[in-house]
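Novice: Curious how this folds, go ahead:
(chains A, B and C)
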Amino acid sequence: MPTPTGRTLQQFYDALSERYGPQHWWPAQSRFEVLVGAVLTQNTNWRNVERAITNLRDAGLLDIARLHRLPPTHLPELIRPAGYYNVKSRRLKALIDFIWQQYGGDLDAMFDRSTDELRQELLAVKGIGRETADSILLYAGGHVTFVVDAYTFRVMSRHGLVDEQADYEELKELFEGNLDRDVRLYNEFHALLVRVGKEHCRRQARCTDCPLERFEHDPNPPF
DNA sequence: TGCCAGGCCGGGT
DNA sequence: ACCCGGCATGGC
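Specialist: Numbering: from 1, shown residues only, chains lettered A, B, ... in the order given. All right, here's what the predicted structure looks like:
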């Protein structure tokens, strides 16, 4: 995709990739753990999510069948460190119930579905929004769907690369429409955006020592 | 100490 | 179609 400035989203990715190297996302030991983490990390520091996941692992509950059998009243205390533990318990339960009823608890069967169909089904589950659905699709299912999150918004808008008021689907389509359809690329790109967001793009601070400065304030946004 | 962290929902305008 | 309050812990 040539542009007026000669830069592409791929080059934007290259700049990040060169600076940080591979991110090895999603940080999990199984696909099911990705689903759990995707729900637990909603508006929450990943460090706190890790504590909750450790609790589940220690209890032998990082397993869809066991978690499905677990009385719902036991879940909040286990995931307490992740915050919002009451709502997240219901959301996790709703997700597991959905997989149980629609796919007999079989993740392979679930991910056999087409990306669009499965995305719609996941979005119909209470507590599963767009980012959570896309994270599950990409990082657990290996589906080619771009994940947008708060960091994506912040990093891209801070550097004048998207309109401040762009919404989720708009930003998602920007990436999907200007990159090769490649799971590895989508995986790495989103992880890198989180990385640079964490290190250089805090909410109430100007970006510092950012590898993306050469993309900034371009009167002719490259994409 | 107050602000922040890999959202989402439901109700109100 | 937006806008907002609620949800909650732990780190800095």
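Novice: count of residues packed around residue A:27?
Specialist: Residue A:27 has 15 neighbours, counted by other Cβ atoms under 10 Å. All C-beta atoms are positioned from the backbone trio N, CA, C, and that covers glycine.
Novice: give the contact list for residue A:192.
Specialist: When contacts are counted by Cβ atoms under 8 Å, 6 or more residues apart in numbering, residue A:192 touches A:13, A:16, A:17, A:20, A:23.
Novice: Name the member of those residues with the most neighbours.
Specialist: For the contacts of residue A:192, neighbours were counted by other Cβ under 10 Å; the highest total belongs to residue A:16, with 21 neighbours.
Novice: so that one touches residue A:193, yeah?
Specialist: Yes - with contacts counted by Cβ atoms under 8 Å, residue A:16 reaches residue A:193, the gap being 7.4 Å.
Novice: Report the spatially nearest residue to the residue nearest to the spatial centre of chain A, omitting neighbours in sequence.
Specialist: Taking Cα atoms, centre = their mean as the criterion, residue A:135 is the residue nearest the geometric centre of chain A, at 3.9 Å. Among residues not flanking residue A:135 along the chain, residue A:38 sits closest, at 4.4 Å (Cβ to Cβ, 6 or more residues apart in numbering).
Novice: Is there proximity between the helix or strand where the one you found lies and DNA strand C?
Specialist: Using DSSP states H and E, residue A:38 falls within helix A:31-40. No - Helix A:31-40 lies out of reach of DNA strand C by Cβ under 7 Å from any atom of the strand, never closer than 10.5 Å.
Novice: OK, contacts around residue A:133?
Specialist: A:119, A:122, A:123.
Novice: ok now stretch A:126-137, how far from the chain's centre?
Specialist: Using Cα atoms, centre = their mean, to the nearest Å, the mean C-alpha position of stretch A:126-137 is found 8 Å from that of the whole chain.
Novice: Keeping just the C-alphas, turn it into CSV.
Specialist: Taking only C-alpha atoms (Å, rounded to 0.1, in the frame of the first residue of the first chain), the coordinates of stretch A:126-137 have been written out as CSV:
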residue,chain,number,x,y,z
LYS,A,126,-23.1,-11.3,28.3
GLY,A,127,-19.8,-9.9,29.4
ILE,A,128,-18.0,-10.6,26.1
GLY,A,129,-17.4,-7.4,24.2
ARG,A,130,-15.4,-6.7,21.1
GLU,A,131,-11.9,-6.7,22.5
THR,A,132,-12.5,-9.8,24.6
ALA,A,133,-14.1,-11.6,21.6
ASP,A,134,-11.2,-10.6,19.3
SER,A,135,-8.6,-11.5,21.8
ILE,A,136,-10.1,-15.0,22.1
LEU,A,137,-10.4,-15.3,18.4
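Novice: for the record, mean pLDDT for that stretch?
Specialist: Stretch A:126-137 shows a mean pLDDT of 98.
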